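Student: Structure, please.
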Amino acid sequence: MAGCFPAEFLEFIAWQFDQMPKTAAGKIYNACRVIERPYLEVIERVEDEIKHWALGPFNPLKISPTTNKNRQNSPGGHGCIAWLDQQEPRSVIYVSFGTTTAMGEEQIKEIAMGLARSKQKFIWVLRDADRGDVFDVGKVRNSELPEGYEELVRGQGMVIREWAPQLEILSHRATGGFMTHCGWNSALESLWSGVAVAAWPMHSDQPRNTVLMTAVLRVGMVVEEWGQGGKVAVVVAAAAVEGVVRRLMASEEGEEVRRNAERLGEAVRRSVEHGGDSRRELEAFVAHITR
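Tutor: A predicted model of the protein is given here:
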């Protein structure tokens, strides 16, 4: 996984470990034993002098019934949810690459055509992060989709150019897949929701997360492999995008992957309930700090 992190970032992480108090009682992880049990057990063996608590998932993963009802009844409720309500169960692939992923115009057009040619229903969030270099505040530009594109996919797909309610989309009965950069928050949200992924890692922890999701947990497929020297291909062709969407959403192989995701999602949700792994870890942590 060479090249995932800049050298400066790795130096910063090393510095943090050097500063860690030698008297630390333990470590807390945004992880869940249902997902990462073998790796947590290795850490516990290597660092057996301290406690380890896997208390995750930390990020909000569930919309409260009250909040959900208020949003549905609000005039400003997001239109994509109403659109999803009209779709068949597990028939829609949600496409979003987070807030720090920058794609060029050519790549955006290839994604657009790949989604259209797949003939699968989709919701595509196309925000500022997809329109240019997010680290250059003076270089944000509006993305140009192929001429007539939104008319072409009318009824098949929806393009959203603003914030989208990701948790609600992933937890909706119509959502059956998630094309994602595989950032850890998005990975946890998909796992919690029981939605299989089409993984397209870009940088940082994403290539490692992709290996976990696709090769270890078998709840996803890879759109683009992390390439030689730590770089993805310059442009992923529309045919590749079309192919992975069809494999995930409309093949026997994809059906098996999606069933795996649903089963794992059920296990992750049970882990936070009374008697579950994450719930027991939290209780053990509270007992430790209040003894």
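
Student: hey, which helix or strand in this structure has the poorest pLDDT?
Tutor: Lowest by mean pLDDT, DSSP states H and E among the helices and strands of the chain is helix 65-73, with a mean of 51.

Student: after that one comes which helix or strand?
Tutor: Moving toward the C-terminus from helix 65-73, the next helix or strand (DSSP states H and E) is helix 79-85.

Student: Quick check: next helix or strand after that next one?
Tutor: strand 92-96.

Student: From G79, how far out is E162?
Tutor: From E162 across to G79, the span is 11 Å (CB to CB, to the nearest Å). Where C-beta positions appear, they are placed from N, C-alpha and C, glycine not excepted.

Student: Wait, a helix at A102?
Tutor: No. Assigned with DSSP: H, G, I helix; E, B strand; the rest coil, A102 falls outside any helix and is coil.

Student: Neighbours of it, how many?
Tutor: Using other CB atoms under 10 Å, A102 is surrounded by 18 other residues.

Student: Let me know the pLDDT of it.
Tutor: For A102, the pLDDT comes out at 78.

Student: Kindly report the same for A25.
Tutor: 84.

Student: Over to the one 10 residues further on?
Tutor: Here the pLDDT value assigned to I35 is 96.

Student: burial count for it?
Tutor: Count around I35 with other CB under 10 Å applied: 26.

Student: Whichever strand or helix holds it packs against which elements?
Tutor: Assessed by DSSP H and E, I35 sits inside helix 33-46. Other elements packing on helix 33-46 under the criterion 3 or more CB pairs under 8 Å, 6 or more residues apart in numbering; DSSP states H and E are strand 51-54, helix 252-271, helix 277-289.

Student: Figure out which of those is closest to A240.
Tutor: Among the helices and strands packed on helix 33-46, helix 252-271 comes nearest to A240, with 15.3 Å by CB to CB.

Student: what's the angle from that closest one to helix 277-289?
Tutor: Relative orientation of helix 252-271 and helix 277-289, computed by axes from the mean of the first three to the mean of the last three CA atoms, to 10 degrees: 30 degrees.

Student: Give the rounded mean pLDDT of helix 252-271.
Tutor: Here helix 252-271 scores 97 as its mean pLDDT.

Student: just stretch 41-50 next, same as before
Tutor: Per-residue scores along stretch 41-50 average to 93.

Student: Do you have the helices of the stretch 101-250 of the chain handy? List them.
Tutor: Assigned by DSSP state H, counting those that start in this stretch, the helices in the stretch 101-250 of the chain fall at 105-118, 149-152, 166-171, 184-193, 206-211, 238-249.

Student: Could you export those helices as TSV, including distance to R279, mean pLDDT and mean neighbour count?
Tutor: As requested, the helices of the stretch 101-250 of the chain are arranged in TSV below (distance: least, CB to CB, whole Å; pLDDT from 0 to 100; neighbours: other CB atoms under 10 Å):
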stretch	distance to R279	mean pLDDT	mean neighbour count
helix 105-118	39	96	20
helix 149-152	45	95	13
helix 166-171	20	96	20
helix 184-193	15	96	23
helix 206-211	24	94	21
helix 238-249	32	98	20
